[in-house]
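# need a 3D model of the sequence below.
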Amino acid sequence: NHFEVKGEVTDIKLLKNKDGKPRGVAFVGFSEKNLEEELVKYFDKNYLKTSKIQVEVAKPQGDPSIKPWNSKTPEDSKTSGTTSAPPDPEDCDPSRLFLRNLPYTVTREDIEELFVPFGAIEEISLPFDSQKHRPKGFAYVKFQATESAVEAFEKLDRSVFKGRLLHIIQAKKRPTPIIEPKGTSSYKKTLSIRLKELAKDPSNWNTLFLNQDTVAAAAASKQHLSKGEFVDTENEDLAVKMAMAETQVLEEVRKWMTAQGINASAFQGDRSSALRSNTVLIAKNLPPKVSVSDVQEVFGRYGGLGRVCMPPSHTIAIVEYLEEGHAKNAMDRLAYAQIRGAPLYLEWAPLNTFEKSYELPEVETKTQTSTLFVKNLNFETQEEALKVHMEQAGSVKTVKIVKNKGMPCGYGFVEYQTEKAASKALRNLNNSILDGHALKVSEAKTAVITPSKRPREEPQEDSDNRTKITVKNLAFEATKEELWDLFYNFGEIKSVRIPQKYSGGHRGFGFVDFVSREDALKAKESLQNTHLYGRKLVLEWSQEESTFSALKNKVQT
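Numbering: from 1, shown residues only. Here you go, the predicted structure:
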């Protein structure tokens, strides 16, 4: 927490001796570059708890001015950090590198920016933890030329990347996916393997190919016909009818793409020369009645999924994977796989299929880590002002300033919607100024307990058999007969009553009692937004009239 006030800390290494005792020396890595002078100026000769610390910029490994801690040579010290044995050269790919000790906040773009100066990159694989929604801390980079991989290794191994010491070794060859095609005969197995190879050829792709059976089912459903009635073999213009149906479905798909934030223009033009995504697949030739959950179940077996989209006609599906390797595995295994008797056609979606990149959902939490304790508040500070100030770090759920006999105590609690927002506030808003006071922000030991408003006690609508409805906001022009005629459309009525005034005219409300509960429910739901003589009817279930005065009024009316 001491160093996080000036930026995101990605690595902390505390040096220890043989006995496991700290040497009093540590290395702290920050994700941002070119902040060394500012950090040293801020932290040097500062106090960490009760100790005055000295801070300086760390020197890169291999610097001749570094004094060794022991008698090991620089070569020995470089190899001592490698805990696992290097892979067998026969199993290695000379153009593929394995990166480890990466920060969990690293992105594919960060890795590409670091390695692209050394040559053309063929593939970047960043394994992703689907449960924790973050990278696993290692990655693979494959170059088109072996010379580029060698140069990148020599220049970047043991260098500082995003505040952490980057370890690079030669990676093993990418394993060939084991595909067990279905089929008992050798011909079917050979054909299945050949089709899977053809699936990788862009010249065979047709981005918006639709299963004609699914098109017929969608068009028939829209016209309220059965598929057999729509596809009438005696119809002479059946081919034209099917072509027009496909045209309408495709137009609906394009409109759906625009509404879902999918770049429809990316699906137009020359498909052979279009750049393709490495994580988004298009699933085509889907049989009728395949749902989004069915697609998620099939594709989710091969890795974590991002977005899975399907138009209302259920003719195609767009599937996004969180990791490139999982998407390629799904492409290898699911191309031409049978789904309800129809072969599944797959192709890589055009680049920039989605207008916005996928954002991992922030998981709401009720743990204490989302609640912060704020002290040194100005006695004049109000809860609303504290909320506005703390919302600089994220969405605030509740704010509570503790008071004693109506007087503020100078401290309070702030509960955020997510742990991420609370961590950001702890890092950025500690020692921030509000109403002339420097706030002291720390993690709360106890959660905020906000008393909720006492709910209005209303009987459960479905827990009794009441049939009487109270009609409020009734226009004074309305009569008992008109109220009867209005509600009679929904079932048999037992009675209708409109209480009258002593001076004449009614009181502006009435009661309608139905014979059955079902008819009363139907009337209440249907007439909830209806206007009578320009006034909106307000319908509620009637309370039982058990008091003497209520019964007396009922007899008089």
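# please count neighbours and contacts with C-alpha atoms only from this point.
Will do.
# confidence score at Lys74?
For the record, residue 74 is Pro, not Lys. We have a pLDDT of 44 for Pro74.
# ok, now the one 3 residues further on?
According to the prediction, Ser77 has pLDDT 43.
# what do you get for Pro177?
For Pro177, the pLDDT comes out at 47.
# and for Lys200?
pLDDT for Lys200: 60.
# any stretches of the stretch 401-550 of the chain with poor pLDDT?
For the stretch 401-550 of the chain, applying pLDDT under 70 flags the ranges 431, 446-464, 528-529, 534, 544-550.
# ok, which stretches of it are strands?
Taking DSSP state E, counting those that start in this stretch to define them, one finds strands in the stretch 401-550 of the chain at 407-416, 433-434, 437-438, 440-443, 468-472, 493-497, 510-514, 531-532, 535-536, 538-541.
# as CSV, these with distance to Glu482 and mean neighbour count would be great.
Shown next, in CSV, are the strands of the stretch 401-550 of the chain (distance: least, C-alpha to C-alpha, whole Å; neighbours: other C-alpha atoms under 10 Å):
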stretch, distance to Glu482, mean neighbour count
strand 407-416, 54, 20
strand 433-434, 63, 14
strand 437-438, 67, 16
strand 440-443, 64, 19
strand 468-472, 13, 21
strand 493-497, 10, 16
strand 510-514, 12, 22
strand 531-532, 10, 14
strand 535-536, 14, 15
strand 538-541, 16, 18
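# tell me which of these lies nearest to Arg333.
Shortest separation from Arg333 across those is recorded for strand 407-416, at 43.1 Å, computed as C-alpha to C-alpha.
# and Ala283, how many neighbours?
As a burial measure, Ala283 scores 25 neighbours (other C-alpha atoms under 10 Å).
# I'd assumed Ala349 was in contact with it.
No: Ala283 is beyond contact range of Ala349, at 9.4 Å (criterion: C-alpha atoms under 8 Å).
# intersection of neighbour lists for those two?
Ile318 (C-alpha atoms under 8 Å, 6 or more residues apart in numbering).
# ok so, going back, for Asn101, find the nearest of the strands of the stretch 401-550 of the chain.
So among the strands of the stretch 401-550 of the chain, strand 440-443 is nearest, using C-alpha to C-alpha, at 28.4 Å.
# looks to me like Glu112 is in a helix.
Yes: counting by DSSP: H, G, I helix; E, B strand; the rest coil, Glu112 falls inside a helix.
# pLDDT score assigned to it?
So Glu112 comes in at 88 (pLDDT).
# please identify the helix or strand for the nearest residue to it once chain neighbours are set aside.
Spatial nearest neighbour of Glu112, excluding adjacent residues (C-alpha to C-alpha, 6 or more residues apart in numbering): Ile124 at 7.6 Å. Using DSSP states H and E, Ile124 sits within strand 121-125.
# Asn329 too?
Asn329 belongs to helix 324-334 when assigned by DSSP H and E.
# show me the contact partners of the next helix or strand after that helix.
Beyond helix 324-334 in the direction of the C-terminus, DSSP H and E gives the next helix or strand as strand 338-339. Here strand 338-339 makes contact (C-alpha under 8 Å, 6+ apart) with 286-287, 344.
# among those residues, which one sits closest to Ser542?
Nearest to Ser542 among the contacts of strand 338-339 is Pro287, at 51.7 Å by C-alpha to C-alpha.
# could you report the neighbour count for the closest one?
Pro287, neighbours per other C-alpha under 10 Å, totals 23.
# check the secondary structure at it for me.
coil.
# check contacts around it.
Contacts of Pro287 by C-alpha under 8 Å, 6+ apart are 211, 213-214, 315, 339-342.
# give me the subset of those residues lying in strands.
339, 342 (DSSP state E).
# now the residue lying closest to Phe118 once chain neighbours are set aside: how far from Lys173?
Among residues not flanking Phe118 along the chain, Ser148 sits closest, at 5.3 Å (C-alpha to C-alpha, 6+ apart). Distance, Ser148 to Lys173, using C-alpha to C-alpha, to the nearest Å: 17 Å.
# comparing these two, which residue is more hemmed in?
Between Ser148 and Lys173, counted using other C-alpha under 10 Å, the more crowded position is Ser148 (21 against 15).
# and the more buried one, that's in a strand?
No: going by three-state DSSP, the assignment for Ser148 is helix, not a strand.
# OK, contacts around it?
Counting by C-alpha under 8 Å, 6+ apart, Ser148 touches 95, 118-120.
# Leu386 too?
Neighbour list for Leu386: 399, 434 [criterion: C-alpha under 8 Å, 6+ apart].
# sec struct for it, please.
At Leu386, secondary structure determined by three-state DSSP is helix.
# distance of it from Ser148?
Taken as C-alpha to C-alpha, the span from Leu386 to Ser148 is 54 Å.
# before we move on, what about Ala337?
Here the criterion is C-alpha to C-alpha. By it, Ala337 lies 38 Å from Ser148.
# over to Ala139?
Counting by C-alpha to C-alpha, the gap from Ala139 to Ser148 is 17 Å.
# got it, and Glu229?
Applying C-alpha to C-alpha to Glu229 and Ser148 gives a distance of 63 Å.
# still on that earlier bit, most surrounded residue in the contacts of Ser148?
Ser95 (21 neighbours).
# per-residue confidence at the nearest residue in space to that one that is not next to it in sequence?
Closest residue to Ser95 apart from its sequence neighbours, by C-alpha to C-alpha, 6+ apart: Thr146 at 4.4 Å. The model reports Thr146 with a pLDDT of 89.
# just checking, Thr146 touches Pro94?
Yes: contact criterion C-alpha under 8 Å: Thr146 and Pro94 qualify, at 5.8 Å.
# between the two, who's got more neighbours?
Ranked by neighbour count (other C-alpha under 10 Å), Thr146 and Pro94 place Pro94 first, with 20 against 15.
# helices or strands up against whichever strand or helix holds the more buried one?
Here Pro94 sits within strand 92-100, counting by DSSP H and E. For strand 92-100, the elements it packs on are strand 138-143, helix 146-156, strand 167-172, judged by 3 or more C-alpha pairs under 8 Å, 6 or more residues apart in numbering; DSSP states H and E.
# pull out the buried residues from the second one.
Taking 16 or more other C-alpha atoms under 10 Å as the neighbour-count basis, helix 146-156 is seen to contain the buried residues 148-150, 152-153, 156.
# could you dump it to PDB, C-alpha only?
Output in PDB follows, covering the C-alpha atoms of helix 146-156 (Å, rounded to 0.1, in the frame of the first residue of the first chain):
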ATOM      1  CA  THR A 146      14.200 -17.800 -36.600                       C
ATOM      2  CA  GLU A 147      16.700 -14.900 -36.700                       C
ATOM      3  CA  SER A 148      14.000 -12.600 -35.300                       C
ATOM      4  CA  ALA A 149      13.400 -15.000 -32.400                       C
ATOM      5  CA  VAL A 150      17.100 -15.200 -31.600                       C
ATOM      6  CA  GLU A 151      17.500 -11.400 -31.700                       C
ATOM      7  CA  ALA A 152      14.500 -10.900 -29.400                       C
ATOM      8  CA  PHE A 153      15.800 -13.500 -27.000                       C
ATOM      9  CA  GLU A 154      19.300 -11.900 -26.800                       C
ATOM     10  CA  LYS A 155      17.900  -8.400 -26.300                       C
ATOM     11  CA  LEU A 156      14.900  -8.900 -24.100                       C
END
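# show me how far that helix is from its chain's centre.
How far helix 146-156 lies from its chain's middle: 37 Å, per C-alpha atoms, centre = their mean, to the nearest Å.
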